[in-house]
Each structure stands twice: as structure tokens, then as C-alpha cells.
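Trainee: Structure for the following, please:
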Amino acid sequence: MYRAIKIFLLTLCLALPAFSTVLKAEDAVHPLVDALGVGDFPEREAAIKALVASKDPHVGKILKELSDGLLFVNADGGPVLLQGGTDDAPTFSDPITGEAVADIDPDTMVKVKVNNSLRGVISASIGQLTLLSPDRAARLAAAEGMLKDADPSNIDLLNSALAEEKDAEVKKTMEAARAVVLLKTDASPEDKKAAIDTIAARGDREALTILTAALQTAPADLQPAIQKDMDSIKDTLALWDVAQNIWYGLSLSSVLMLAAIGLSITFGVMGVVNMAHGEMVMLGAYTTYVVQEAITRYAPGLADYSLAFAVPAAFLFTGAVGFLIERTVIRFLYKRPLETLLATWGISLILQQTIRSIFGPTNREVRNPSWMSGSFDLGGLDITWNRLWIIVFALVVFFALLLLLKRSAFGLQMRAVTQNRRMASSMGIRTAWVDAFTFALGSGVAGMAGVALSQIDNVSPNLGQAYIIDSFMVVVFGGVGNLWGTLVGAMSLGILNKFLEPYAGAVLGKILVLVLIILFIQKRPRGLFALKGRAVEA
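Mentor: Next up is the predicted model:
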């Protein structure tokens, strides 16, 4: 007990100096705040500048409250107080400590008034406090705000902030803001030329907008330089637009590959045109929704990791559904392609209606986890995290399937059945069970595609219908049953679609792609990567 008391007293002694410092700082700022309620507007402007010079952390909040008309003072003098509560029942508190002040008659309190000139001083002072803030994010936000406002009255503030700024990104933004402001002042032609070069060095669309506006009011001798910089930025942006289209194409390609890769497996091994494949994708998306809702309700701390549970759940559930469909319907329809197509189309309608009966016809929201939300800039590219992770996920699924087909006994049996079913059967391979588990595998992969699609598309009973035709085009173009063909086909069609859309529109673009595939198949009926084998070549 004696030792505990010693530790407590020692801690108290160490804390007293810091506490005393805080009290002294507040005591020093209180008179400066009270000076806001004394005198006319010039005296209040001097009080604002004195507050800013104190560098107290409360100053920014107090100036904002002054600008909003929340500071009051007694008509006969006294401390400046912050008004709260309602108009009928106002309350008053210390603007620094926030402590309530009792026994205040609201009828004796008057607002600390500000005029337009004083508001300008307040705005500049808040900007100065923010630009000189120790918080890097606050300084960057203030610099970006001044870049948009381009108020010539901020030129001195930007000059002083630039002299002290050490962070490269913040300084670059401040320099751009200063350059934009300079173009609105009576600066010398040399200074304006330097400002134009600073803006042009950014090379983005915002710089192009600024230079376009500056071109209209610039002196005649500066207009050629501005036009040259604008042309250079346009050329650069055109290249970035090409790169952006490629990125969008890769994003679409990853989705197409996920949706088509399971179809390629079942179509290649079994020769079944599965019109219900899109519904496997849809079931995977709804599995993601159910898993996310369950985790949110019973284990909210794991909400950010719901996809880690949804991926295996969707694979197992849709794989089981696929296995059941093959064992109960498709196994009786082999070598009857038209009846198989009609049967699977009927199954797709049944699955859609079942989902509507359980979840309703409206869209269901599947939230992005925090690590898949937002975007970032890479040069001139705008890259969203969800699309990037879907590309990574699609490649992981692709190489996992490739490893399964090339390095496992089940993969060897699948390849044997694909190349020569009768020979494989004569070697003791149970082809019926290979068919069943292959169909289950293809359905499971489609379910994982649904998990990915739930992060970028609406989860609805019609989700799979949007991808089934594109999936068949990828399979036919790449080569039936060939994973590398599926990868190349998805990448080619995805990028081609995104390059055609700006010129032909989404619908006409798809039609053009379909026409090109038909023409290609006339020359190469087995697709880009044709399977080799006696049964295939027969």
C-alpha cells in the first residue's frame, strides 16, 4: 500500500507541470477571445490577428464560431461566450473550455457582429491556420481548397506557407494554387509565364481547364505558350485515355473470365450447353449476401473479412447445386444437345423464380469491405480497389484451376475424358462420375464469380443473364475446354468491348464483337486454342 501511494504521488507531481501549462495557455488566450467583443470592426480585426499569432489550437474553432454568429457578449461588457441550445432556450458556455456558464440572462447578451471585410479576414486567418497546421492532411486539404478558389487575396498567405512547407506533395499543390492565383493578378509577364509552366507541369485535366480559362484573358504574347502547353496536355491525356480504356478492358476481362471459366470446363468435358450457368453466378452472389448479413448480425467484428467466408461458401453451395442438376437432369440428356439446352434453360427459370420467392425481386446490397472501397491514382489512371482485387482474384482462380487440371489425378481424368471418352472408359475411368464432379466444379467456379460480381454489380435474380451470352462468346472464341484459350479470349473481348463502346455504344459494340467472332469462327471453327485428341479431331 505504501508503495502504491508513492507511485500515485510521483505521477501527480509529474502531471502538475503539464496541467499548469495548459491552464496558463488558456489564461493567456481568454483575454484575446474577450477582445473580440470590444470596440468596432478595426479593433476586432486586430483581436483576430492577435488570436492567430497566439497559435493556440482552439483559435480555428473560435474563428469559425465567430463567422457563424455564435459568439455573444454582455451589452455592458464581460467575457465572450458561445451560444448553444435553441432560440427559445439558449445556453452559454466558455468558447475555449466548453464549460457551461450559469446565471446568464439571454436578454442582456448581444451577438459579436462581423461585416464582409471582417469575414474575409476570418477566412484568410482560418486558411493561414490550416496551411500552417502541423497536420499534413489539413495542409493538403487547405492547399487543394485554395487551388479551386484561386482567390488573389491569398497570395501572401501562400507565399508564407510555401516558405515553411517541407512535404513535397503539399508544396507542389501550394505552388499550383499560387500559380493559379498569379494569373488573376497584375503580376509581371515573366511571373505569369512561370505560373503557366507550373500549371502545365501538372499535366492533368484540371490543369487543362485552368489554362483554357487563362487563354481567354491572357496577353497576346503569352497566348502561344499557353496554347502549346494545352496541346501537350491534350496529347498526354489522350495516351492516358488509351491506358484507362485498357484498364477498363482488363477489369471487364477478369469478370468475363470468372464467368466463362466454369462454362469452358463443363462444355469442354461434357459437351453440354448449360443455359443455367448464369444462375450459378447469381447463386454465388446471393450466397455472398447471406454470408455478409449473417456475419453482420452475429459477428460484426468480422464484417471486413466476410468475403473470406463467402468465397468457399459460394463454391461449395453452387457446386452442390450443380452436382444435383447433373445427377437428376443432365445425365439423362447426353448426346441430345437441343433437349439439354431446353432443360437447362428451364432450370435457369426455376432458379430465378426460387430466388425471387425467397429474397424478392428487388436488388440486394452487398457492401464492399473497407479494403475494397475507394480508388487511387496511378499516373493518369483512376484505379478502383474493388476492380483491382477482382483482377487479382480472377488470376488466382485461373492458376488454381490450371494447377488442378495439370497436377492432380482428377485433372488427368478430366483431360482424358475430354480427349477420348471411350478410351478413358476402357482404361477404368468412371466417366459418369467425372462428368458429375466436373459439372460441380464448373458450377462452383461460377459461384465464386458471383462473389466477385457482387462487389461491382447489382445482386438481383437477373444477374447471371447479363453474362451468359458473353461467357459463351469467350469460350467459343478462345477454344472449348482450354483454360488458356478462356484467358486470352476474355482479355481480347473485354478490351475490344471497351475500345468500341465510346464510338459505337454499349449495345452496338457487343453486336460488332459478335459479328467479328462469327467471322473468326468461319476461318477457325475450334477457336484460338483447339484441343488435341482423337475424339476431338474425329
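Trainee: C-alpha only now, for contacts and for neighbours.
Mentor: Fine.
Trainee: what about the helices in the stretch 251-400 of the chain?
Mentor: Ranges of helices within the stretch 251-400 of the chain are 277-298, 306-328, 337-359, 385-407, based on DSSP state H, counting those that start in this stretch.
Trainee: For the ones you listed, give me a markdown table that also has mean neighbour count.
Mentor: Listed next are those as a markdown table, based on neighbours: other C-alpha atoms under 10 Å:
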| stretch | mean neighbour count |
| --- | --- |
| helix 277-298 | 24 |
| helix 306-328 | 20 |
| helix 337-359 | 16 |
| helix 385-407 | 17 |
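Trainee: How confident was the prediction at residue 23?
Mentor: We have a pLDDT of 40 for residue 23.
Trainee: ok, back up a step: among the helices of the stretch 251-400 of the chain, single out whichever gets nearest to residue 465.
Mentor: Residue 465 sits nearest to helix 277-298 of all these, at 5.7 Å, using C-alpha to C-alpha.
Trainee: Now do that closest one and helix 337-359, the angle between them.
Mentor: Orientation of helix 277-298 against helix 337-359 (axes from the mean of the first three to the mean of the last three C-alpha atoms, to 10 degrees) gives an angle of 20 degrees.
Trainee: Next, the angle from helix 277-298 to helix 306-328.
Mentor: Going by the same axes, to 10 degrees, helix 277-298 makes 140 degrees with helix 306-328.
Trainee: Who are the packing partners of helix 277-298?
Mentor: helix 223-270, helix 306-328, helix 337-359, helix 431-453, helix 465-478 (3 or more C-alpha pairs under 8 Å, 6 or more residues apart in numbering; DSSP states H and E).
Trainee: Give me the pLDDT value at the residue lying closest to residue 49 once chain neighbours are set aside.
Mentor: Leaving aside its chain neighbours, residue 49 sits nearest to residue 125 (7.6 Å; criterion: C-alpha to C-alpha, 6 or more residues apart in numbering). pLDDT recorded at residue 125 is 72.
Trainee: Next, residue 125: secondary structure please.
Mentor: Assigned state for residue 125: helix (three-state reduction, DSSP: H, G, I helix; E, B strand; the rest coil).
Trainee: number of nearby residues for it?
Mentor: Using other C-alpha atoms under 10 Å, residue 125 has 22 neighbouring residues.
Trainee: I'd say it and residue 52 touch.
Mentor: Yes - using C-alpha atoms under 8 Å as the test, residue 125 is close enough to residue 52 to be in contact (6.8 Å).
Trainee: Mind jotting down where the strands sit in the stretch 101-250 of the chain?
Mentor: Secondary structure of the stretch 101-250 of the chain (DSSP state E, counting those that start in this stretch): strands at 109-111.
Trainee: Residue ranges in it under the pLDDT threshold?
Mentor: Low-confidence segments of the stretch 101-250 of the chain (pLDDT under 70): 127-129, 132, 149-150, 153.
Trainee: Now do the contacts for residue 315.
Mentor: By C-alpha atoms under 8 Å, 6 or more residues apart in numbering, the residues touching residue 315 are 284, 443-448.
Trainee: out of these, who's nearest residue 327?
Mentor: residue 443 (13.4 Å).
Trainee: how close does the nearest residue to residue 390 once chain neighbours are set aside get to residue 247?
Mentor: Nearest non-adjacent residue to residue 390, counting by C-alpha to C-alpha, 6+ apart: residue 452, 6.1 Å away. Per C-alpha to C-alpha, to the nearest Å, residue 452 is found 17 Å from residue 247.
Trainee: swap in residue 504?
Mentor: Taking C-alpha to C-alpha, one finds residue 504 at 19 Å from residue 247.
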